[in-house]
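> just the structure for this:
(chains A, B, C and D, ligands or ions: 2)
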Protein chains: 2
Amino acid sequence: MLSKTCEYGIRATIFIALQSILGKRTSLKYISKEIDSPEAFTAKILQKLVKEKIIESIKGANGGFEISQPKLKSTKLSEIVYAIDGYDIRNRCMLGLPHCSPDNPCSVHNKYKPVRDELITLFTDTTIEEMALGIKDKSAILK
Amino acid sequence: MLSKTCEYGIRATIFIALQSILGKRTSLKYISKEIDSPEAFTAKILQKLVKEKIIESIKGANGGFEISQPKLKSTKLSEIVYAIDGYDIRNRCMLGLPHCSPDNPCSVHNKYKPVRDELITLFTDTTIEEMALGIKDKSAILK
DNA sequence: CTAAAATCGGACAAAATAGTCTTAATTTTA
DNA sequence: TAAAATTAAGACTATTTTGTCCGATTTTAG
Ligand code: FES
Ligand code: FES
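Numbering: from 1, shown residues only, chains lettered A, B, ... in the order given. Ligands and ions are numbered 1, 2, ... in the order given. Below you'll find the predicted structure:
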């Protein structure tokens, strides 16, 4: 479904968001500890998310990662997914045919399309803040 | 979502099913041509499907692959998926947490679970015959 | 100014997935 | 019976994904 890279990226973003909501900046070391991910690998993913302007990084001592208040509310889960895994998921054929389309459908297209559409809706409707608040009020976990 | 191995496996099974409906037995060479897949790799996948008793193979000249009439109707798409990709998809956490459960949900569990359930329903409700008939009546394609 | 704490960037390594090749075994047909 | 057509099986290779390591850069604190 999602690559491991993307899974780590989403969990890291949620944790950075949580800390930002609490008014704190957080470090790579702490992030990878709290989301239970390999530190060096997570560093690479965070670099990507910084380049894609989903999170912000501050170098040097007392540096770390954070997300601005406006972005917490405006950034959707879909942006993380597309930044890391690309747009392929939006119109990939479930049976691997080169072009998924209603004109040349595979044998499961008509059943799969609605499910995939719901997944895309989930991605585009869910905000980073929303996910982070789930962690804050302890109705969800990160590891 | 599904591995390439699984995609090839499903497409191959659909094609074998179609030929069986038409009363014909079909060969590896023809299958990989008709589903546009690498021949040697497809051979490996078919071996697996034979072992799992989803398709039958007949060795020697005029040999090939086929599916019995009863199995065409009784075998579900889910059986192919589980045989090749395993049961993981049924309860894998979208964010990669080690155990997906409603007791310890990740930040998207409540939204994702229903979508995943629909996917599983798609798998368990769809028969091989149904998929093959879509190819037969030209309402679906295989490559 | 210097040392420590942090991210950045690129090369490298390991593991998983995808795919190939060669030889053996089986069956039909000439 | 021998050749041809076919699947079976195992070793091998290639590619992609996942992950590590190290040195450079930036910033703060003493
Ligand atoms: S053509 Fe296969 S899912 Fe659309
Ligand atoms: S816990 Fe993440 S999808 Fe269920």
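> is any residue of stretch A:65-85 near DNA strand C?
Yes - legend: contact between stretch A:65-85 and DNA strand C by C-beta under 7 Å from any atom of the strand is shown at A:Phe65. Where you see a C-beta, it was placed from the backbone N, CA and C, and this is true even at glycine.
> got the CA positions of that stretch in PDB?
Provided in PDB are the C-alpha atoms of stretch A:65-85 (Å, rounded to 0.1, in the frame of the first residue of the first chain):
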ATOM      1  CA  PHE A  65      12.200  20.100  13.200                       C
ATOM      2  CA  GLU A  66       8.800  21.900  13.600                       C
ATOM      3  CA  ILE A  67       5.700  22.800  11.700                       C
ATOM      4  CA  SER A  68       4.100  26.200  11.700                       C
ATOM      5  CA  GLN A  69       0.600  26.600  13.100                       C
ATOM      6  CA  PRO A  70      -1.000  27.500   9.800                       C
ATOM      7  CA  LYS A  71       0.600  24.400   8.100                       C
ATOM      8  CA  LEU A  72      -0.700  22.100  10.800                       C
ATOM      9  CA  LYS A  73      -4.200  22.900   9.700                       C
ATOM     10  CA  SER A  74      -3.700  23.300   6.000                       C
ATOM     11  CA  THR A  75      -1.400  20.300   5.200                       C
ATOM     12  CA  LYS A  76      -3.200  17.200   4.200                       C
ATOM     13  CA  LEU A  77      -2.000  13.600   4.600                       C
ATOM     14  CA  SER A  78      -2.200  13.300   0.800                       C
ATOM     15  CA  GLU A  79       0.700  15.800   0.500                       C
ATOM     16  CA  ILE A  80       3.000  13.600   2.500                       C
ATOM     17  CA  VAL A  81       1.900  10.500   0.600                       C
ATOM     18  CA  TYR A  82       2.400  12.200  -2.800                       C
ATOM     19  CA  ALA A  83       5.700  13.800  -1.800                       C
ATOM     20  CA  ILE A  84       7.200  10.400  -0.900                       C
ATOM     21  CA  ASP A  85       5.400   7.700  -2.900                       C
END
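> tell me which residues in that stretch are buried?
A:65-67, A:71-72, A:75, A:77-85 (16 or more other C-beta atoms under 10 Å in any protein chain shown).
> among those, name the ones in strands.
Under the assignment DSSP state E, the buried residues of stretch A:65-85 contribute A:65-66 to strands.
> quick one, helices of chain A?
Secondary structure of chain A (DSSP state H): helices at A:4-21, A:28-34, A:39-51, A:69-74, A:77-85, A:109-125, A:128-136.
> pick the most buried one from those helices.
Highest mean neighbour count of those: helix A:4-21, a mean of 24 (counted as mean count of other C-beta atoms under 10 Å in any protein chain shown).
> where does pLDDT dip in chain A?
Filtered on pLDDT under 70, chain A yields no residues whatsoever.
> where does it get nearest to DNA strand D, which residue?
Using C-beta to the nearest atom of the strand, the closest approach of chain A to DNA strand D is made by A:Gly60 at 2.2 Å.
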